[in-house]
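Participant: from the sequence below, what's the structure:
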Amino acid sequence: MKTTELRQKNVAELQSEVKALQKAHFGLRMQKATQQLNNTATLRSARRDIARAKTILVEKQSAETATSKATPGVAAT
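Facilitator: Here you go, the predicted structure:
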């Protein structure tokens, strides 16, 4: 999945995307364990997709907390 597609999603959508990717990765691992997986490179791409989605999720969550902590019109002391 491309980063541009992930950046267009909100936090809730990203969380569900991470869960779906983790579920797919688990399925691939089970296929590998039972020797049903033909293309083992899909495991690597699945791991990288999960990492990419988690990174963008953390960026969005930290941006939300930064905006919620900063209250406009109040001077910091």
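Participant: tell me, what residue is most central in this structure?
Facilitator: A centroid search over the chain (C-alpha atoms, centre = their mean) returns A53, at 2.1 Å, as the residue closest to the centre.
Participant: which helix or which strand is home to that one?
Facilitator: helix 41-69 (DSSP states H and E).
Participant: show me what counts as buried in that helix.
Facilitator: Neighbour-count burial for helix 41-69 flags A46, D49, I50, R52, A53, K54, I56, L57, K60 (criterion: 16 or more other C-beta atoms under 10 Å). Glycine gets a C-beta too; all of them are placed from N, C-alpha and C.
Participant: can you list the low-confidence ranges for the chain?
Facilitator: Applying pLDDT under 70 to the chain flags the ranges 71-77.
Participant: run the last query once more with 50
Facilitator: Along the chain, the model assigns pLDDT under 50 to no residue.
Participant: so K32 touches T40, yeah?
Facilitator: Yes: using C-beta atoms under 8 Å, K32 is in contact with T40, at 6.6 Å.
Participant: so which two of the buried residues of helix 41-69 are the farthest from each other?
Facilitator: Spatial extent of the buried residues of helix 41-69 (C-beta to C-beta) is set by the pair A46 and K60 at 21.4 Å.
Participant: follow-up on the earlier one: can you name every helix or strand that the helix holding A53 contacts?
Facilitator: Applying 3 or more C-beta pairs under 8 Å, 6 or more residues apart in numbering; DSSP states H and E, one finds that helix 41-69 contacts helix 3-7, helix 11-33.
Participant: most tightly surrounded among those?
Facilitator: helix 11-33 (a mean of 14; mean count of other C-beta atoms under 10 Å).
Participant: run through who's touching that helix.
Facilitator: Helix 11-33 has contacts (C-beta atoms under 8 Å, 6 or more residues apart in numbering) with 1, 6, 9, 37, 40, 42-43, 46-47, 49-50, 53-54, 56-57, 60-61, 64.
Participant: do that again at 7 Å, thanks
Facilitator: 6, 9, 37, 40, 42-43, 46-47, 49-50, 53-54, 56-57, 60-61, 64 (C-beta atoms under 7 Å, 6 or more residues apart in numbering).
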